[in-house]
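Engineer: can't give you the sequence, but here's the structure:
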């Protein structure tokens, strides 16, 4: 894994192959918003969310568990689902407080 933009953009190595320059070949882009002078947030780079990446990992682990079940996979699935639940709770709490999408001053 290589950090391109801290907290927002990453290059991920393929397990068995690399690009022509020997660098990782997958890019993971998270949404990037910056605070304006008026306090509003503006998207400077569209991308995915932590929640969406967790949904992908949950789906993949469920697929692998169906093919070759094991205790470790089951634990990983449970922990990923728990992580997703906490992030969704955080979002719901922020929406209830009217601060979703706001950034600290």
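Structural biologist: Arrived safely, thanks for sending. These figures come from a predicted structure and were not determined experimentally.

Engineer: Torsion angles phi and psi at residue 72?
Structural biologist: Dihedral pair for residue 72: phi -60, psi -40, per degrees, to the nearest 10.

Engineer: separation between residue 57 and residue 66?
Structural biologist: 15 Å (C-beta to C-beta, to the nearest Å). Using the backbone N, CA and C atoms, a C-beta is placed for each residue, glycine as well.

Engineer: okay, these two: which has more neighbours?
Structural biologist: In this view residue 57 and residue 66 are compared by other C-beta atoms under 10 Å, and residue 57 has more residues nearby, 16 against 9.

Engineer: from memory the more buried one sits against residue 79, does it?
Structural biologist: No. Residue 57 is not in contact with residue 79 according to C-beta atoms under 8 Å; the separation is 10.1 Å.

Engineer: residues contacting the closest residue to residue 58 other than its chain neighbours?
Structural biologist: Of all residues not flanking residue 58 in the chain, residue 80 sits nearest, at 4.9 Å (C-beta to C-beta, 6 or more residues apart in numbering). Residue 80 is in contact with 54, 57-58, 61, counting by C-beta atoms under 8 Å, 6 or more residues apart in numbering.

Engineer: go again using 6 Å as the cut-off
Structural biologist: Shown in contact with residue 80 (C-beta atoms under 6 Å, 6 or more residues apart in numbering): 54, 57-58.

Engineer: do residue 45 as well
Structural biologist: residue 32.

Engineer: Is residue 76 in contact with residue 62, as I believe?
Structural biologist: No. Using C-beta atoms under 6 Å as the test, residue 76 is too far from residue 62 to be in contact (10.1 Å).

Engineer: roughly how far apart are the closest residue in space to residue 8 that isn't next to it in sequence and residue 58?
Structural biologist: Spatial nearest neighbour of residue 8, excluding adjacent residues (C-beta to C-beta, 6+ apart): residue 32 at 4.4 Å. With the distance defined as C-beta to C-beta, residue 32 ends up 24 Å from residue 58.
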